[in-house]
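A.B. asks: sequence first, predicted coordinates after that:
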Amino acid sequence: MSEEIPSPPRASPIVVSAFYKFVALEDYEALRAPLLTMCKKHGVLGTILLAREGINGTVCGTHEAISALLAYFGKDARFADIQPKYSFAEEPAFHRMKVRLKKEIVSMGQPNIDPQGSVGTYVKPQDWNALIARGDTLVIDTRNAYEVAIGTFDGAVDPQTESFRGFPEWVDGYLAQLEEKPKNIAMFCTGGIRCEKSTAYLVGQGYENIFHLEGGILKYLETVNADESAWQGDCFVFDERVSVRRKTGGGLAEGDYDMCHACRMPLSSEEKLLTSFEPGVSCLHCIDTRSEADRKRFRERQKQIKLAAARGEKHIGSD
């Protein structure tokens, strides 16, 4: 691995590690069982995706557990140069360990894209501000609309996609229609993986001077001092923390957002005060899209969660 895992602060003893690599894995199906066994042995929790095109995961555990996982990866030359990103949490960010087999490690619905063959130019976090401040640079947030809503770089274009599969359609409907083509296109996402495919797509469509933030938002927040940061708001993450932000003195801390456990959308403190919000049942995003039967089922689930908490247990539901 490229760097040692930083020691977690006492107040946040859980290490959260996000990683990916596009690499040919003809035997990806055979990798699943031993990897899952190894993670369970060391108490690693989270999700790892394996596909013919590579590996993608976010996991959590003690410092020792994550060290064991990365040492396991280091024994396979195909994974030896994975560059994980780290943050910390007070409690586990996941409830289970899953290793899943997929057609793609990030779904864009473009099977002919090969990020190993042609992608945009990587930009180091410390060089990112200068690039996006240029008047001839179009900055694009490649994430989903609900992620963009809680934080992004100032001036970035929001494609307002509901899923990453909608990105190629947005490119055809927006970028292709611009009368004056931008000299530079700078793209970013949470950890870098979506930009690997989105920049590869643009290069394949004939666009030039394509750049993307190396390591994504997470690496930027880890690296760039708060007083120099061009980031506005929190960064959405796909785990129990919901969002993270750079804390004073360095490192990442949990953000101010909660999650609606009915629709998985992030919620601010103000949004939780609305009459549409009922913990575990509904929020402003899903109040009009769920049936009464759904809400009845969600209320029963919430009841079981409270009963489990009263017993000192954690209710994690069915897999």
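C.D. replies: Alright, I've got the coordinates.
A.B. asks: I'd say residue 229 and residue 247 touch.
C.D. replies: No - here residue 229 lies out of contact with residue 247, judged by Cβ atoms under 8 Å, at a distance of 11.9 Å. Yep, even glycine has a C-beta here, placed from its N, CA and C like the rest.
A.B. asks: quick one, longest helix in the protein?
C.D. replies: helix 292-310 (DSSP state H).
A.B. asks: export it as CSV, just CAs?
C.D. replies: What follows is helix 292-310, C-alpha atoms only, in CSV (Å, rounded to 0.1, in the frame of the first residue of the first chain):
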residue,chain,number,x,y,z
GLU,A,292,-49.8,3.8,3.7
ALA,A,293,-48.9,0.1,3.6
ASP,A,294,-45.2,1.0,3.2
ARG,A,295,-45.5,3.4,6.2
LYS,A,296,-47.2,0.7,8.3
ARG,A,297,-44.3,-1.6,7.5
PHE,A,298,-41.7,1.0,8.3
ARG,A,299,-43.4,1.8,11.6
GLU,A,300,-43.2,-1.9,12.6
ARG,A,301,-39.5,-1.9,11.7
GLN,A,302,-38.9,1.2,13.8
LYS,A,303,-40.7,-0.4,16.7
GLN,A,304,-38.3,-3.4,16.4
ILE,A,305,-35.3,-1.1,16.3
LYS,A,306,-36.4,0.6,19.6
LEU,A,307,-37.1,-2.8,21.3
ALA,A,308,-33.6,-4.0,20.2
ALA,A,309,-32.1,-0.8,21.6
ALA,A,310,-33.9,-1.3,24.9
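A.B. asks: buried set for that helix?
C.D. replies: Neighbour-count burial for helix 292-310, counted by 16 or more other Cβ atoms under 10 Å, picks out 295, 298, 302, 305.
A.B. asks: turn the residues you listed into TSV, including pLDDT.
C.D. replies: Shown next, in TSV, are those (pLDDT from 0 to 100):
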residue	pLDDT
295	91
298	91
302	87
305	81
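A.B. asks: closest one to residue 252 out of those, please.
C.D. replies: Nearest to residue 252 out of the buried residues of helix 292-310 is residue 305 (Cβ to Cβ; 27.1 Å).
A.B. asks: quick one: the closest one from residue 265, how far?
C.D. replies: Per Cβ to Cβ, to the nearest Å, residue 305 is found 18 Å from residue 265.
A.B. asks: how about residue 109?
C.D. replies: Taken as Cβ to Cβ, the span from residue 109 to residue 265 is 23 Å.
A.B. asks: looking at the two, which is more packed in?
C.D. replies: When residue 109 and residue 265 are compared for neighbours, residue 265 comes out ahead with 19 against 14, by other Cβ atoms under 10 Å.
A.B. asks: no further questions, thank you.
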